[in-house]
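Peer 1: curious how this folds, go ahead:
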Amino acid sequence: MPVYAFIAADLIAIAVMVFGLYFPRHRRRDMIVAFLSINVGVMGVTYAMTNADISLGFGLGIFAVLSIIRLRSTEMDHAEIAYYFTAIALGLLGGFPAISPTISFTLMAVLLAVIAVGDHPALFRRTRQQLMMLDQAFTDEGELTQHLAVTLGADIQRINVRKVDLVNESTLVDVRYTLLAAADPTPLDDRFAAVVTAPEVEVRR
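Peer 2: Just a heads-up that it's a prediction; the model follows:
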């Protein structure tokens, strides 16, 4: 099969990934050019390496140079990193016209299907993760869990206390939780008042 079919398949696949999956879900316009350029660049370099008379050491050196590139501008979350490596994988598959077209195109479709399902908004749609800074110093995990459950209106699955500052009265915690099916319309202050029980003081005369 001519190389143009592989190029066309790669361009269609990366267009589906960027404009059909990534942008409608994450809405980061600046990542569009990054995904497109890295995909086409990897495809071009891969095709050039498979058709040029170069040594294996030279090819490994090129990818070693590519591997030292660091993304310094903004942070990417794990989902965006997955899209980033999918763009690279699609470029590699599109740059190897020597392999079977059936295998190459099937792997492209599998990559798109995996990322479409794995990043679908309906998958565990009420599950959340946050790094929260609280304005209280909690040294008891049970009390902290209860406080987070009331604050977030959720079922707390796991907490990981990163820092407790007893001087400035603050707690940094990584919390994983599941939102309740129905939101509690009660104001937050009233919810705290409902769970905090004031001790009874006996006055003796």
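
Peer 1: next, count neighbours for Leu111.
Peer 2: 18 (other CB atoms under 10 Å). For the C-beta atoms, the positions are set from N, CA and C on the backbone; glycine is no exception.

Peer 1: go on, Leu92?
Peer 2: Leu92, neighbours per other CB under 10 Å, totals 18.

Peer 1: which strand or helix spans the nearest residue to it once chain neighbours are set aside?
Peer 2: Leaving out its chain neighbours, the residue that sits closest to Leu92 by CB to CB, 6 or more residues apart in numbering is Thr46, at 5.4 Å. Element membership for Thr46 (DSSP states H and E) is helix 30-51.

Peer 1: can you list the residues that contact the longest strand out of those in the chain?
Peer 2: Secondary structure of the chain read by DSSP state E shows that its longest strand is strand 154-165. By CB atoms under 8 Å, 6 or more residues apart in numbering, the residues outside strand 154-165 that reach it are 127-128, 131, 137-139, 141, 144-145, 148-149, 170-180.

Peer 1: and if we set it to 7 Å?
Peer 2: Contacts with strand 154-165, where a contact means CB atoms under 7 Å, 6 or more residues apart in numbering, come from 137-139, 141, 144-145, 148-149, 171-180.

Peer 1: can you give me the strands in the protein?
Peer 2: Using DSSP E, strands in the chain cover 127-134, 154-165, 170-179.

Peer 1: please parse the chain into its domains.
Peer 2: Following automatic domain parsing, one gets these domains for the chain: 3-118, 127-195.

Peer 1: among the ones you listed, which is the most enclosed?
Peer 2: domain 3-118 (a mean of 15; mean count of other CB atoms under 10 Å).

Peer 1: rebuild the domains of the chain as JSON lines, extending it with mean pLDDT.
Peer 2: Below are the domains of the chain laid out as JSON lines (pLDDT from 0 to 100):
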{"stretch": "domain 3-118", "mean pLDDT": "85"}
{"stretch": "domain 127-195", "mean pLDDT": "85"}
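
Peer 1: for Val167, grab phi and psi.
Peer 2: Main-chain dihedrals, Val167, degrees, to the nearest 10: phi -80, psi -50.

Peer 1: which ones are touching it?
Peer 2: Counted by CB under 7 Å, 6+ apart, Val167 has zero contacts.
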